[in-house]
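# below are the sequence and a predicted model; questions follow.
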Amino acid sequence: MPDLSRYLVDRTLIMLSNREPYEHRFVEGTGGERAVEVRQPPGGLVSALDPTMQATHGVWVAWGSGSADKSTADAQGRLRVPQTNAYTLRRVFLDTTEVDGFYLGFANSSLWPLCHLLVQHFSYRDEFWERYQSVNAKFARAVADEIQLADKTPIVWIQDYHFGLAAAMIREIVEPQLLHQFWHIPFPPADILRLLPVDVDEALLRGLLGNDLIEFHTERYALNFLGCVAEFIPEAEIDAETFTIRFEGRDIEIGVYPISIDVDRYERMASTPVNTALAERLRSRYAKNDCRLGVGVDRVDYTKGIPERLRALRLLWEQHPEMRERFTFLLVATPSRSEISAYRSLEEEMVRGVLEINARFRTRTWTPIVLVHENVSAELLAGVYRAADLCLVSSLQDGMNLVAKEFLACQIEERGVLVLSRFTGAAEEIDGAVLINPFNIDGFVEGIRRAVNMGDGERRVRMHRMRTQLRSRTIFDWLAAILSRTEAIIAERSQETGAA
Ligand code: GDG
């Protein structure tokens, strides 16, 4: 693991993200009394950044979304995080109109589908955009407060598409030493971004250009961003060789940093006695003799290609009867954004699809798909990943996809095959997966068959290769690469100022 202690020694890292790392909720206690429960919301971003903050301390500013969040924080919405006390969480509270317009509206009904090129789900209202601006301003003020309170030199790190305007807004109030932003989802090409009203696409890009460094998972997304700036911000000067933009007298760097996971943590979770027993149980039930156990783990989101996966499975069992009773698929599907109607329809479509497939192909001793339709613990997930012979990731578009990496980390027996959509950031990085195109159903079916039929030798060689790659690119390597780049930018700047 790279030594992170050399970074941020004399700095306070102020993180900004929409999702908070810990949420407090009121629940009914065993005796019917009101109790408070703390939980870590599911999602790639939190699983990636909590270890980061645990290692570097600082302040995390985020939306206080839990019912008991206000009562567990002080008057400014601040608290030390549970269990470790390792860093401060500052919660910003939103009312229903703000949640509707900013979170459910502009972020998740306008930007999310556009960035994933799924224009059929795109919707835009002026009110979404108005709330997006006012909520970005509210978070920018909270970050500016923390900058002013910081006891060491502040560095601000913004996460994701919820805060496209925050960097420029923070800069208007107070200038930290460095502002940077990680964009966790794909960035669309200009032809797609222009589906937003004319002044909106431009304002979004100008907001992002408030950063000193903008990070993407892949070069493809970085190039799309440069293309959009070239098209919509005429006065910006782009250097396509160094990935730098000169704008309003500042240089903004565009970087490529594929995110990863805490590999040791997943390996440890997969190796506990509880998970050894769970994996044995799952395998003796679903993977006896020549049978294979496949898994999928997703937030129920239309970008993850769940209906496409179900269609491919149906076709597999239809066209290849020998695959019946030979392959069981365990689908862990966590409900997500159910306030948005497209997500509710997707949940219904998924449940209906599973029921239909099971009704059609089930035998006395075999059920084709086992659906776990709830949020399960990360520990349990690790046991499931370990037990599997294959993992199916079928995203239509996906910034990176951490599920693929978690599966690799938990495969301590190195027997599994990763069937991976070529439209994930992970597919551009991982060498050894069976790549599929979820829009090409016949190819998808072939990919699953190939994975089911793959011999033990080839499985081991591929899995071993992928796990070796993963170990050299953990979340801590990702973090070290970004932190070291930010330090270098600061150093280069101070040299320039010194030389001037
Ligand atoms: C965004 C980008 C990018 C899922 N169900 C449960 C659960 N999960 C966890 C998984 C994994 C995470 O959620 C999902 O991560 P992904 O990367 O697959 O996807 P997004 O949530 O869409 O994340 C994505 C990521 O940001 C990071 O940059 O990779 O492309 O879309 O960690 O394990 N976790 C628990 N219970 C569940 O039921 N505990």
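That came through fine.
# what about Leu435, is that helix, strand or coil?
Assigned state for Leu435: strand (three-state reduction, DSSP: H, G, I helix; E, B strand; the rest coil).
# what sits against it?
420-422, 427, 447 (Cβ atoms under 8 Å, 6 or more residues apart in numbering). Glycine gets a C-beta too; all of them are placed from N, C-alpha and C.
# in which helix or strand does Glu98 reside?
helix 96-98 (DSSP states H and E).
# Val61 now?
strand 59-63.
# partners of that strand, with directions?
Paired strands of strand 59-63, with direction, are strand 11-16 (parallel), strand 88-92 (parallel) (DSSP bridges).
# need the residues of the stretch 201-350 of the chain near the ligand, please.
259, 297, 299, 332, 334 (Cβ under 6 Å from any ligand atom).
# which SS state does the closest residue to Cys115 other than its chain neighbours fall under?
In space, and not counting its chain neighbours, Cys115 is closest to Ile185: 4.8 Å by Cβ to Cβ, 6 or more residues apart in numbering. Secondary structure assignment for Ile185 (three-state DSSP): coil.
# count the neighbours of Ile185 for me.
Ile185 is flanked by 23 other residues according to other Cβ atoms under 10 Å.
# so it makes contact with Tyr161?
Yes - at 5.9 Å, Ile185 and Tyr161 qualify as touching, with contact defined as Cβ atoms under 8 Å.
# for Tyr7, report the pLDDT, please.
Here, the pLDDT recorded for Tyr7 equals 79.
# which residue ranges form the strands in the stretch 101-250 of the chain?
For the stretch 101-250 of the chain, the strands defined by DSSP state E, counting those that start in this stretch cover 153-159, 178-182, 213-216, 237-239, 244-247, 250-256.
# in its sheet, what does the last one sit against?
On the basis of DSSP bridges, the sheet neighbours of strand 250-256 come out as strand 213-216 (parallel), strand 244-247 (antiparallel).
# and these: which comes nearest Met350?
strand 213-216 (29.7 Å; Cβ to Cβ).
# could I get the CA-only coordinates of the closest one as PDB?
The C-alpha trace of strand 213-216 is given here as PDB (Å, rounded to 0.1, in the frame of the first residue of the first chain):
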ATOM      1  CA  LEU A 213      -7.800  19.800 -11.900                       C
ATOM      2  CA  ILE A 214     -10.700  17.600 -13.100                       C
ATOM      3  CA  GLU A 215     -10.300  13.900 -12.900                       C
ATOM      4  CA  PHE A 216     -12.000  11.200 -15.000                       C
END
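# which outside residues touch that strand?
Strand 213-216 has contacts (Cβ under 8 Å, 6+ apart) with 178, 180-183, 187, 208, 222, 225, 252-257, 482, 485-486, 489.
# next, the buried residues of it.
By 16 or more other Cβ atoms under 10 Å, the buried positions in strand 213-216 come out as 213-216.
# mind putting those into a markdown table with pLDDT?
Below are these laid out as a markdown table (pLDDT from 0 to 100):
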| residue | pLDDT |
| --- | --- |
| Leu213 | 98 |
| Ile214 | 98 |
| Glu215 | 98 |
| Phe216 | 98 |
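# and the furthest pair within those residues?
Largest separation among the buried residues of strand 213-216 by Cβ to Cβ: Leu213 and Phe216, giving 10.8 Å.
# do I have it right that His24 meets Ser65?
No - counting by Cβ under 8 Å, His24 sits too far from Ser65 to count as a contact (9.9 Å).
# which one of those two has more residues nearby?
His24 (23 against 18).
# what about that one, which SS state?
In three-state terms, and counting by three-state DSSP, His24 is strand.
# what's the closest non-adjacent residue to it?
Spatial nearest neighbour of His24, excluding adjacent residues (Cβ to Cβ, 6+ apart): Ala68 at 3.9 Å.
# again, but for Ala481
Using Cβ to Cβ, 6+ apart and skipping residues adjacent in sequence, the residue nearest Ala481 is Tyr257, 5.7 Å away.
# would TSV of the residues of the stretch 201-350 of the chain next to the ligand with neighbour count and pLDDT be doable?
Formatted as TSV, these follow (neighbours: other Cβ atoms under 10 Å; pLDDT from 0 to 100):
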residue	neighbour count	pLDDT
Ile259	25	95
Val297	25	97
Arg299	18	93
Val332	20	97
Thr334	18	92
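# these in strands, which ones?
Judged by DSSP state E, these include 297, 299, 332, 334 as members of strands.
# in stretch 260-267, what counts as buried?
260-263, 265-267.
# so what pLDDT did Ser47 get?
Looking at Ser47, its pLDDT is 70.
# can I assume it sits in a strand?
No - applying three-state DSSP, one finds Ser47 to be helix, outside a strand.
# now do the worst-scoring helix or strand of the chain on mean pLDDT and strand 153-159, the angle between them.
When each helix and strand of the chain is scored by mean pLDDT, DSSP states H and E, helix 44-56 comes last, with a mean of 74. Interaxial angle of helix 44-56 relative to strand 153-159 (axes from the mean of the first three to the mean of the last three Cα atoms, to 10 degrees): 160 degrees.
# tabulate the CA atom coordinates of helix 44-56 in PDB.
Extracted C-alpha coordinates of helix 44-56, given in PDB (Å, rounded to 0.1, in the frame of the first residue of the first chain):
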ATOM      1  CA  GLY A  44     -19.700   3.100  -5.500                       C
ATOM      2  CA  LEU A  45     -18.700   6.500  -4.300                       C
ATOM      3  CA  VAL A  46     -19.100   6.000  -0.600                       C
ATOM      4  CA  SER A  47     -17.400   2.600  -0.600                       C
ATOM      5  CA  ALA A  48     -14.500   4.200  -2.400                       C
ATOM      6  CA  LEU A  49     -14.000   7.300  -0.400                       C
ATOM      7  CA  ASP A  50     -14.600   6.300   3.200                       C
ATOM      8  CA  PRO A  51     -11.300   4.400   3.300                       C
ATOM      9  CA  THR A  52      -9.700   7.500   1.700                       C
ATOM     10  CA  MET A  53     -11.000   9.900   4.400                       C
ATOM     11  CA  GLN A  54     -10.200   7.400   7.200                       C
ATOM     12  CA  ALA A  55      -6.600   7.500   6.000                       C
ATOM     13  CA  THR A  56      -6.300  11.300   5.500                       C
END
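# which elements pack onto it?
Here helix 44-56 touches strand 11-16, helix 402-410, helix 475-499, going by 3 or more Cβ pairs under 8 Å, 6 or more residues apart in numbering; DSSP states H and E.
# what are the contacting residues of it?
4, 7-8, 13, 15, 17, 19-21, 40, 60, 81, 84, 86-87, 159-160, 184, 259-262, 265, 378, 400-402, 475-476, 479, 483.
# now with 6 Å?
Helix 44-56 is contacted from outside by 4, 8, 13, 19, 21, 60, 86-87, 184, 259, 262, 402, 475, 479, using Cβ atoms under 6 Å, 6 or more residues apart in numbering.
# same check, this time on stretch 108-117
Counting by Cβ under 6 Å, 6+ apart, 121-124, 128, 161, 185-186, 188, 192, 303, 337, 397 sit against stretch 108-117.
# which one of those is nearest to the ligand?
The closest of the contacts of stretch 108-117 to the ligand turns out to be Ile185 (Cβ to the nearest ligand atom; 5.1 Å).
# can I see the domain layout of this protein?
5-259+476-499, 263-473 (automatic domain parsing).
# hey, least reliable of those domains by pLDDT?
domain 5-259+476-499 (a mean of 93).
# closest residue of the stretch 51-200 of the chain to the ligand?
For the stretch 51-200 of the chain, Cβ to the nearest ligand atom, closest residue to the ligand: His184, 3.6 Å.
# just to revisit the earlier point, reformat the strands paired with strand 59-63 as a markdown table; add mean neighbour count and distance to the ligand.
Shown next, in a markdown table, are the strands paired with strand 59-63 (neighbours: other Cβ atoms under 10 Å; distance: least, Cβ to the nearest ligand atom, whole Å):
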| stretch | mean neighbour count | distance to the ligand |
| --- | --- | --- |
| strand 11-16 | 24 | 14 |
| strand 88-92 | 23 | 19 |
